[in-house]
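K.L.:
Model the following, please.
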Amino acid sequence: MRTAELRTERLLLRRLRAEDLPTVTEIQGDREANRHNPLGTASPARIAQQLRCWVADWAEHGIGYWLVVDAASEGAVGIGGLRRIEHDGEPALNLFYRFRPAAWGRGLALEMARAAVGWAERRDPGVPVVVITTRDNLPSIRLAERLGFREAGRDPYWLEFRRW
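P.N.:
Coordinates of the predicted model:
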């Protein structure tokens, strides 16, 4: 099941494309949006490399991150979706999102995440979806819990959540 886009009540989730670089750079380069990123804000060169990898994920695996577009305004509000990873020696799908601060507080990340997890469960029912976040990222922890994920591991810096 390959899909170029998903629609929710308020969002269009469409595959990232190379021509999205200016928008991705704005979102990934926003200091406030990266407040919980332990690596800080990426350089424009690093963001361009990330985008190339994210575009390649769709071509290679048929799954990846979307550009998250507000259906009403048609403006990009974030990036999010699922990426194949190896976790504890097994395949998994990592749920990721980063939204413009102007979009915070409207439930858009939760709406995107619900659509992504539902799609993943239909597409790859045997592959677990995980959320890996820093211990101080309370918004991501709350989002994981609202999705029905429970804490499954921790170390001094990270928390891992899974759906059971």
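K.L.:
where exactly do the helices run in this protein?
P.N.:
21-28, 44-61, 108-123, 138-146 (DSSP state H).
K.L.:
Which among those is found nearest to residue 132?
P.N.:
Closest of the helices of the chain to residue 132 is helix 138-146, at 9.3 Å (criterion: CB to CB). Quick note: C-beta positions are derived from backbone N, CA and C, even for glycine.
K.L.:
Longest strand in this structure, please.
P.N.:
strand 76-87 (DSSP state E).
K.L.:
what's that one packed up against?
P.N.:
strand 11-15, helix 21-28, helix 44-61, strand 65-70, strand 90-99, helix 108-123, strand 129-134 (3 or more CB pairs under 8 Å, 6 or more residues apart in numbering; DSSP states H and E).
K.L.:
tell me the most buried of these?
P.N.:
strand 65-70 (a mean of 23; mean count of other CB atoms under 10 Å).
K.L.:
Show the average pLDDT along it.
P.N.:
Throughout strand 65-70, pLDDT has a mean value of 98.
K.L.:
now it, how far from the centre of its chain.
P.N.:
Centre-to-centre, strand 65-70 and its host chain are 9 Å apart (CA atoms, centre = their mean, to the nearest Å).
K.L.:
ok so, going back, make a markdown table from the helices of the chain and add distance to residue 71 and mean pLDDT to it.
P.N.:
Formatted as a markdown table, the helices of the chain follow (distance: least, CB to CB, whole Å; pLDDT from 0 to 100):
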| stretch | distance to residue 71 | mean pLDDT |
| --- | --- | --- |
| helix 21-28 | 16 | 97 |
| helix 44-61 | 21 | 95 |
| helix 108-123 | 11 | 95 |
| helix 138-146 | 20 | 93 |
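K.L.:
With distance to residue 153 as extra columns, can I get these in a markdown table?
P.N.:
Formatted as a markdown table, the helices of the chain follow (distance: least, CB to CB, whole Å):
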| stretch | distance to residue 153 |
| --- | --- |
| helix 21-28 | 26 |
| helix 44-61 | 24 |
| helix 108-123 | 19 |
| helix 138-146 | 13 |
